[in-house]
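S.K.: 3D model of this:
(3 chains)
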Amino acid sequence: MSVLLEAYEKLFAKYGPQQWWPAQTKFEVLVGAVLVQNTAWRNVEKALENVREAGVLDPHRLHQLPVEELAELIRPAGYYRVKAQRLRNLLKLVVEQCDGDLEAMFNGPPDILREELLAVRGVGPETADAILLYAGEKPAFVVDTYAQRVLARHGWIDFDADYHMIQEHIVGELPSDVRLYNEYHALLVRVGKDHCKTAPKCEGCPLQEMLPDGGPRMPEW
DNA sequence: GACCAGGCACATC
DNA sequence: GATGTGCATGGT
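M.R.: As a prediction, the model looks like this:
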């Protein structure tokens, strides 16, 4: 069994299923994926609630909303001006490409859709993969800062590895499976929050026994 | 009152 | 190509 699969087993045994993505519809996943950029999810929930209460949690309606009004609704999520524009950019793709029908949007080849998402200003690799995985149910592994930290501190990847390198490393050790990618990403966030925030707190970490000799690796400074 | 949170684009060297 | 910076609210 690969190291990463072994780590997954330990995390799942400790934490159990994480029930991600914490959103109700594909469209909410899409909107939430932009809103959660470098932001705590609880702040995103307030923003989503505002959008829902305003009755515009719908591709066409949200797309038609003036950018200033959209910004005001999503204010609790932070970076609200840039995120309002980013959302509009993404909504433009959704409306123009498939007339707001997300089911149709995910019908085509995932790699093509990924390129289209990445071409949207404000959608980077993590946001694109989160949309593909959690809304489209495509096997795209989401690499976030926690995944990077956990893997690097265990010596499984280099600290300076970029998104693509980390993703290739991970999927190279795992079977391609939507449910597995889904849980694993969420579990890495969970263990990262508990033990890997700034300084490592390895006591009680389910991955403690998988640390390299000498303890967790840390970047040079 | 610092410090942090499930990024990304852009400027500058 | 690498490194630095702006964007912003809300919880600990």
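S.K.: Contacts only, for A:Q85.
M.R.: A:67, A:121-122 (CB atoms under 8 Å, 6 or more residues apart in numbering). In short, each C-beta sits where N, CA and C put it, glycine included.
S.K.: could you redo the last one with a cut-off of 10 Å?
M.R.: Applying CB atoms under 10 Å, 6 or more residues apart in numbering, we find A:Q85 in contact with A:67, A:70-71, A:121-122.
S.K.: do the same with A:L35
M.R.: Per CB under 10 Å, 6+ apart, neighbours of A:L35: A:28, A:41, A:43-48, A:51, A:74, A:76-80, A:83-84, A:86-87.
S.K.: Quick check: A:P216 vs A:I170, distance?
M.R.: 19 Å (CB to CB, to the nearest Å).
S.K.: Might you list the low-confidence residue ranges for chain A?
M.R.: For chain A, the stretches with pLDDT under 70 are A:220-221.
S.K.: can you give me the helices for it?
M.R.: Secondary structure of chain A (DSSP state H): helices at A:3-15, A:26-35, A:41-53, A:59-64, A:67-73, A:80-98, A:102-105, A:110-118, A:125-130, A:145-153, A:163-173, A:178-195.
S.K.: Which residue ranges make up the domains of chain A?
M.R.: Chain A breaks down into these domains under automatic domain parsing: A:3-18+A:142-210, A:26-135.
S.K.: Just give me the neighbour total for the closest residue to A:V3 other than its chain neighbours.
M.R.: Using CB to CB, 6 or more residues apart in numbering and skipping residues adjacent in sequence, the residue nearest A:V3 is A:W156, 6.3 Å away. Using other CB atoms under 10 Å, A:W156 has 19 other residues around it.
S.K.: got the buried residues for stretch A:167-184?
M.R.: A:167, A:169-171, A:173-174, A:180-184 (16 or more other CB atoms under 10 Å).
S.K.: The most centrally placed residue in chain A and A:Q18, how far apart?
M.R.: Closest to where the C-alpha atoms of chain A average out (CA atoms, centre = their mean) is A:A130, at 4.2 Å. Using CB to CB, A:A130 is found at 14 Å from A:Q18.
S.K.: swap in A:Y80?
M.R.: The value you get for A:Y80 to A:Q18, if CB to CB is used, is 27 Å.
S.K.: From A:V143, how far off is A:I170?
M.R.: Using CB to CB, A:I170 is found at 7 Å from A:V143.
S.K.: overlap in contacts of those two?
M.R.: Going by CB under 10 Å, 6+ apart, residues that sit against A:I170 and also against A:V143 are A:151, A:157, A:185, A:188.
S.K.: Now the two most distant members of those.
M.R.: Using CB to CB, the two most remote members of the shared contacts of A:I170 and A:V143 are A:I157 and A:H185, lying 15.4 Å apart.
S.K.: how much space between A:E72 and A:P200?
M.R.: For A:E72 relative to A:P200 (CB to CB), the value is 40 Å.
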